[in-house]
Structure formats: C-alpha cells, structure tokens
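Chemist: Structural data only, the sequence is not supplied:
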Ligand SMILES: Cc1cc2nc3c(=O)[nH]c(=O)nc-3n(C[C@H](O)[C@H](O)[C@H](O)COP(=O)(O)OP(=O)(O)OC[C@H]3O[C@@H](n4cnc5c(N)ncnc54)[C@H](O)[C@@H]3O)c2cc1C
C-alpha cells in the first residue's frame, strides 16, 4: 500500500523542527530513520497530515561519552551506537546485535527506537537498565524525561505531540560492573518474544552494590525487575539467591499472550532469561563495564 498524502517539511535545525511541530500540533509526526514510521504509513496505521523530516538537522547529530554518561543525539543511527559500543559498552554492543538487521540499523536512529516505544524493542529496556533519560524540546522550553517516566503503553510515551526528542542519555554501568543480555525471538532480527538485560556490581565484601534488571516483550512497556534487584541488593549473590531473584522479578510481570506466545510461556521464559543474565553479569563482575 502507499502512504496517505501528507505535507513534507524538511527541517534544517532542531528549532525549525520544533516550530513545525508547534504549527501542526497533533497532525504532525517526526520522520527520523523512517524504519518504523514508513511501514506504519504504508499500512495506514498512522495518518499524519505532515511529516517533519529531521535528517538535515546537523545540531541533532552526535554521540559522546563524558564522565560515564553516554549522550546520543536524535540523528545518531543505531549503527553509530553499535560501532561505538564495540569498545565503549559490551552490553549495548550485544543488545544492538539483536535489533533488526544491519540495513535497518544503518538508518534507524537510537532515539527513534526509544520514543517509538515498541514494548518488544531492546533499546527502551536498556534505557531503563542504564538509568537513562530523554531530553525533549518544545517551543519555549526543554525537559528531561527519565526512562521510568517515559513509557506509558505500547507505542505511547509521555512526550507531548509538540515535543521533539533531541537526545538520550545512558548512565554507563559503574566501573567493575558485570552485565548480561538474553533474548528469545522466532528468527534472527525479529522483535523479541521475551528479553532481559542485567547490570550487577559488587562491593569489596562481595555483596551486591548495584543491581538493574530490565525486561522487554513482557507487557505494554519495558519493565524494570525491581523485586529481583531488591532480592540481591546488599547481599552476597549466592546461586540460590540469584535463582530467587530471577523468580521474584518474573513473578511480578504481567505479560500478554498473543499469536506468537502465551502469557504463561512469556513468564516462564522471563524467569529463565533473568537467571541467565544475572549469572552472566556476576561472571563478568570486576572485568569490564
Ligand atoms: C523489518 C524490521 C525489523 C525490526 N526489528 C526490530 C527489532 O528487532 N528491535 C527493535 O528495537 N526495532 C526493530 N525495528 C524497528 C527499528 O529499530 C526502527 O529503526 C526504530 O524503531 C525507529 O527508529 P527510526 O529512527 O527509524 O524512527 P522513525 O521510524 O522515523 O520514527 C518512529 C516513531 O518515532 C517518532 N520519532 C522518531 N524520532 C523522534 C524524535 N527525535 N522526537 C520525537 N519523535 C520521534 C516518529 O514520529 C515515529 O512516530 C525493526 C524494523 C523493521 C523494518
């Protein structure tokens, strides 16, 4: 199918894009990599009357780390992050390998994936796990939306229709932290049926000093595995405690069943993946971040 007719606005800067969003209000959509939006237009699942193309906005480029915080501009492609992550963050590197296919990552932006808010997407769960946030701008002001306030429902965030996401920030794991990432999908490059990421750090006595678990594909939004984190924090991560933590995190999930997997299957797989990523994270503690 062909997309419905729309007006095309080629923004030349973030300010230009924000002005266009103000002008068109609810009727406009930002066009970033187009890897989710264009299929939605073609299938007529979205019918914006204007597309505001940000691909010429040089001030939205950029990807840089400073003081353990990685800032990713709205035009940084998933491939840019993948390249940086090869040496900068093995967790992000592993996760990006599961996002779609290389040609899609060449065009798709990191921020576009974050604000598109597909609950089966890898990057939104990573934003939660890495205490991240999104910086958004509208005419007359900016605000920071922390990851735990961003995701409201499938494909729905707390961004207003006149707000442009200008960048995302990820807090890289503390020095010496270990990480784990696992996903179950039907085929390579498909959206996840269930996925899970973990970051763990230990103090000098061997107790857990930092714990993050993030699930995707288990409901309408990415979910932090808070009960699992609480079961580990301040304690020695014995094998029994890790199993208990994984079970506690999965027990709190309310996944949906669909054509691809039942809710019960997703919950069982979530518990298994949580245990795997926690074990992997522990095995990497003290080695890399
Ligand atoms: C075959 C296929 C397989 C895929 N598999 C996966 C997968 O396994 N995992 C996964 O995570 N993704 C997958 N994707 C989606 C892909 O990662 C997209 O690139 C991503 O979801 C959206 O990024 P984009 O830059 O292409 O955004 P676009 O498609 O341009 O936009 C997506 C939405 O976000 C909005 N938006 C984009 N940027 C901004 C901004 N800066 N401010 C405000 N709103 C904005 C748009 O208005 C639109 O509503 C797949 C896509 C395809 C086609």
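Modeler: Nice, I can see it. Fair warning: this is a prediction, and the values are worked out from it, not measured in the lab.

Chemist: lowest average confidence, helix or strand, in the protein?
Modeler: Least confident helix or strand of the chain, by mean pLDDT, DSSP states H and E, is helix 37-42 with a mean of 94.

Chemist: List the buried residues of that one.
Modeler: Residues of helix 37-42 classed as buried: 37, 40-41 (neighbour count, 16 or more other Cβ atoms under 10 Å). (C-beta placed from N, C-alpha, C; glycine too.)

Chemist: Give me the contacts around it.
Modeler: 1-4, 6, 29, 31, 46-48, 51, 112, 116 (Cβ atoms under 8 Å, 6 or more residues apart in numbering).

Chemist: Show me the subset of the residues you listed that also lies near the ligand.
Modeler: Contacts with the ligand within the contacts of helix 37-42, counted by Cβ under 6 Å from any ligand atom: 29, 31, 112, 116.

Chemist: my guess is the third one meets residue 32, correct?
Modeler: Yes - applying Cβ atoms under 8 Å as the test, residue 112 and residue 32 come out as touching, 3.8 Å apart.

Chemist: residues shared between the contacts of the two?
Modeler: By Cβ under 8 Å, 6+ apart, the residues touching both residue 112 and residue 32 are residue 74.

Chemist: Most neighbours of all the ones next to the ligand among the contacts of helix 37-42, which one?
Modeler: residue 112 (25 neighbours; other Cβ atoms under 10 Å).

Chemist: any idea how far the residue of the chain most remote from its centre lies from the ligand?
Modeler: No residue in the chain sits farther from the centre than residue 205, which is 32.4 Å out by Cα atoms, centre = their mean. Distance, residue 205 to the ligand, using Cβ to the nearest ligand atom, to the nearest Å: 38 Å.

Chemist: Show me which parts of the longest helix anywhere in the chain are buried, residue by residue.
Modeler: For the chain, the helix with the greatest residue count under DSSP state H is helix 263-284. For helix 263-284, a neighbour-count test (16+ other Cβ under 10 Å) marks 266-267, 269-271, 273-282, 284 as buried.

Chemist: Can you name the helix or strand that the residue nearest the centre of the chain falls in?
Modeler: Taking Cα atoms, centre = their mean, the centroid of the chain lies closest to residue 124, which sits 1.7 Å from it. Secondary structure from DSSP states H and E places residue 124 in helix 122-129.

Chemist: Report all helices and strands that that helix contacts.
Modeler: helix 90-96, helix 110-116, helix 147-150, strand 164-171, strand 194-202, strand 208-216, strand 223-224 (3 or more Cβ pairs under 8 Å, 6 or more residues apart in numbering; DSSP states H and E).

Chemist: The buried residues of helix 37-42: which ones sit near the ligand?
Modeler: residue 37.

Chemist: Out of the buried residues of helix 37-42, flag the one nearest to residue 88.
Modeler: residue 37 (28.1 Å; Cβ to Cβ).

Chemist: ok, the closest one to residue 109 distance?
Modeler: 11 Å (Cβ to Cβ, to the nearest Å).

Chemist: what stretches of the chain score poorly on pLDDT?
Modeler: 287-289 (pLDDT under 70).
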